[in-house]
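S.K.: Model the structure of this input:
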Amino acid sequence: MAVAPVRRPRPRSLRFRVLWVVVVVAVAPLVYVWLTNVADATVEQRMRIAIGLAAHDAASVVARGGASARLDAVARRYAVRLRLLDPSGAVLGDVDHESSTWSKRLGDLVFEEDGAPTLRDYDATLPPFAERPDFAAALRDGQVASCDTNPGRTLLVCQALRTATLPGGAQRVVSVEQSSRRSIRALYDARYQLLKLTLFGLVLATLLGWWLGRRIVHPIEDLRAAVLDRVDTPLAATPLRTTRRDEIGDLSGAFDTLLAEVAARSRANEGFVADLAHEMKNPIAAIRAVSERLDGASDPARAERLVRILADSTTRLDALVTGLLELARAEGGLPGEAREPVDGAALLGGLLDTLRADPRWTVTFALDAEPAWVDAVPGRLEAALRNLLLNAASFAERTVAVRVTGGPTVRIAVSDDGPGLAPEDRDHVFDRFFTRRAEGTGLGLPLARAVVEAHGGQIDVASTPGAGATFTVTLPAAST
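M.R.: Modelled structure (predicted):
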């Protein structure tokens, strides 16, 4: 009996993975706040560089007497708001591309209701340029740059002012602004309260994670132990009998189906071994008896009869072994055997011509066929169809009729006008070694079914006692 190992927590078990996931989710807000604050520290540096370059380029354009289109290009390139001022602080031009980037548009969509003002809203709260200290410093020193936040600390604004002299000698001031929302700042300011909340949530998350992991893993471990208990000699296929109606219950039902199928296969294999031993016992016994008598046989007629018995027995053994090998390969799906388009109508036409020329058969073979191409291993498909034809000819009284139809699915029907199948035989006709013929190994029809299924098709039988039988093969048509 297989014994399930003792349960103990493992670092790579589902229980621990669930626990780690819950813990990570619990601490994620705190980690996000800290990481965002670290990232925000680099934003100001990048903004200072951008406005500085934009102010330099814009001042160069103004000093050369450039048109407003060139100032628009500068503002667009650096994604800034650019204004041209005279020494009195009056605005001579205003170009705003500060909100034109995809990142700003995404921020507007995500943080639409966060309370952070826009750059224009922030600028509206400031006094006129003539009253701003930075404007006076720019007129005095030639350039100045600074960064500041709004009273709620939700918006960071960086501004650079730079003077430029027109070709005629007049002086102008270039103002460049860029902003960045600080929507996470409120959370950062409350980081210590958030830390306390996270610690409480972490304890709760640990308990919930452990409980959830147990709810998931414990039933799986019980199911595993129940399955291993049934891996015994002989194999037990008793149902697991779970009352759960969730995925674990579905898995238990799948195991029940698997165990039942394995048990059925095990019984079938036991029956196959018994049948094989029975089938081989007679020819082996005949060979043994003949070998004991052949040595002392002086009568030529008797010796000839013994030799014939020996030959028949070895032929039967050879046919049995060959049939079993072919059946095993077909049931394995015919691995490694090349397939090609085969016209089923032409293949059956050739087989029927061969049977008509065989003097053993006195029945009439009729064919009603249309071209029907399938992807197949030619030799294997030919052997399967030959077995069906030979089976029909063995029981037919006057006629064996074959009908082939094409289309997306190829159908091949082989009918005879013999006695038909008894109701108790219909479920066993494809079993190995089952036969009602005086001669035969009982492997022909099982081999035919295995070959057809290896080609992705199926074979069915319909019969009425006293009215013959019809075997119908269905195969997928060849791909174009």
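S.K.: Who are the contact partners of Ala401?
M.R.: 366, 368, 413-416 (CB atoms under 8 Å, 6 or more residues apart in numbering). All C-beta spots, glycine's among them, are computed from the backbone N, C-alpha and C.
S.K.: what kind of secondary structure is it in?
M.R.: Put simply, Ala401 is strand when judged by DSSP: H, G, I helix; E, B strand; the rest coil.
S.K.: Provide a list of residues in contact with the residue nearest to Phe135 when sequence neighbours are not counted.
M.R.: With sequence-adjacent residues excluded and distances taken as CB to CB, 6 or more residues apart in numbering, Phe135 is closest to Phe129, at 4.6 Å. Phe129 makes contacts with 85, 89, 91, 135, 173, 175, as judged by CB under 8 Å, 6+ apart.
S.K.: Okay, and which of these map to strands?
M.R.: Judged by DSSP state E, the contacts of Phe129 include 85, 91, 173, 175 as members of strands.
S.K.: Was I right to think the first one contacts Ser175?
M.R.: Yes. The pair formed by Leu85 and Ser175 meets the contact definition of CB atoms under 8 Å, at 6.0 Å.
S.K.: out of the two, which sits in the more crowded spot?
M.R.: Ser175 (26 against 23; other CB atoms under 10 Å).
S.K.: Quick check: bridge partners of that one?
M.R.: Beta-bridge pairing of Ser175 under DSSP bridges involves Arg83, Leu161.
S.K.: does Ala369 really touch Gly349, like I thought?
M.R.: Yes. Using CB under 8 Å, Ala369 makes contact with Gly349 at a distance of 6.9 Å.
S.K.: and the protein, what are its domains?
M.R.: Following automatic domain parsing, one gets these domains for the chain: 14-189, 247-331, 340-476.
S.K.: Adding mean pLDDT and distance to Trp211, write these out as JSON lines.
M.R.: Formatted as JSON lines, the domains of the chain follow (pLDDT from 0 to 100; distance: least, CB to CB, whole Å):
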{"stretch": "domain 14-189", "mean pLDDT": "81", "distance to Trp211": "10"}
{"stretch": "domain 247-331", "mean pLDDT": "68", "distance to Trp211": "16"}
{"stretch": "domain 340-476", "mean pLDDT": "87", "distance to Trp211": "48"}
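S.K.: one step back: of the contacts of Phe129, closest to Leu212?
M.R.: Nearest to Leu212 among the contacts of Phe129: Ser175, at 57.4 Å, using CB to CB.
S.K.: Next one: the closest one from Glu397, what distance?
M.R.: Plainly put, Ser175 is 109 Å away from Glu397 if you go by CB to CB, to the nearest Å.
S.K.: where's the residue nearest to Phe135 relative to Thr118, distance?
M.R.: Using CB to CB, Phe129 is found at 19 Å from Thr118.
S.K.: Equivalent analysis for Val404, please.
M.R.: Val404 is 78 Å from Thr118, by CB to CB.
S.K.: again, but for Leu208
M.R.: With distances taken as CB to CB, Leu208 is found 42 Å from Thr118.
S.K.: Val404 and Thr118 - which one has more neighbours?
M.R.: Remark: of Val404 and Thr118, Val404 carries more neighbours, 23 against 15, as counted by other CB under 10 Å.
S.K.: The stretch 51-200 of the chain: strands as residue ranges?
M.R.: Applying DSSP state E, counting those that start in this stretch to the stretch 51-200 of the chain gives strands spanning 81-85, 91-96, 143-149, 155-165, 171-181.
S.K.: and the ones you listed as a markdown table, adding distance to Val342?
M.R.: As requested, those are arranged in a markdown table below (distance: least, CB to CB, whole Å):
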| stretch | distance to Val342 |
| --- | --- |
| strand 81-85 | 76 |
| strand 91-96 | 74 |
| strand 143-149 | 80 |
| strand 155-165 | 76 |
| strand 171-181 | 71 |
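S.K.: do you know which of the ones you listed lies nearest Ile459?
M.R.: Distance to Ile459, taken as CB to CB, is lowest for strand 171-181 among the strands of the stretch 51-200 of the chain, at 71.3 Å.
S.K.: and Arg162, how many neighbours?
M.R.: 25.
S.K.: can you pull the contacts of it?
M.R.: Residues counted as contacts of Arg162 (CB under 8 Å, 6+ apart) are 55-56, 58-59, 138, 142-143, 173-174, 176.
S.K.: same question, Phe430
M.R.: Going by CB under 8 Å, 6+ apart, Phe430 touches 445-446, 449, 459, 461.
S.K.: part of a strand, is it?
M.R.: No. Using three-state DSSP, the secondary structure at Phe430 is coil, not a strand.
S.K.: hmm, back to that, just the ones of the contacts of Ala401 in strands?
M.R.: 366, 368, 413-416.
S.K.: Three-state assignment for Val461, please.
M.R.: Assignment for Val461 (three-state DSSP): strand.
S.K.: Touching, it and Gly468? I think so.
M.R.: No. Judged on CB under 8 Å, Val461 makes no contact with Gly468 at a distance of 11.1 Å.
S.K.: between the two, which one's more packed in?
M.R.: Counted by other CB under 10 Å, Val461 and Gly468 do not tie: Gly468 has more neighbours, with 22 against 18.
S.K.: Could you pull up the contacting residues of that one?
M.R.: Listed by CB under 8 Å, 6+ apart, the contact partners of Gly468 are 395-396, 415-420.
S.K.: what would those residues look like in a markdown table with neighbour count?
M.R.: Converted to a markdown table, the contacts of Gly468 look like this (neighbours: other CB atoms under 10 Å):
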| residue | neighbour count |
| --- | --- |
| Phe395 | 18 |
| Ala396 | 22 |
| Ser415 | 21 |
| Asp416 | 24 |
| Asp417 | 19 |
| Gly418 | 22 |
| Pro419 | 16 |
| Gly420 | 19 |
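S.K.: Pick out whichever of those sits closest to Arg245.
M.R.: Looking across the contacts of Gly468 and measuring by CB to CB, the closest to Arg245 is Gly420, at 46.9 Å.
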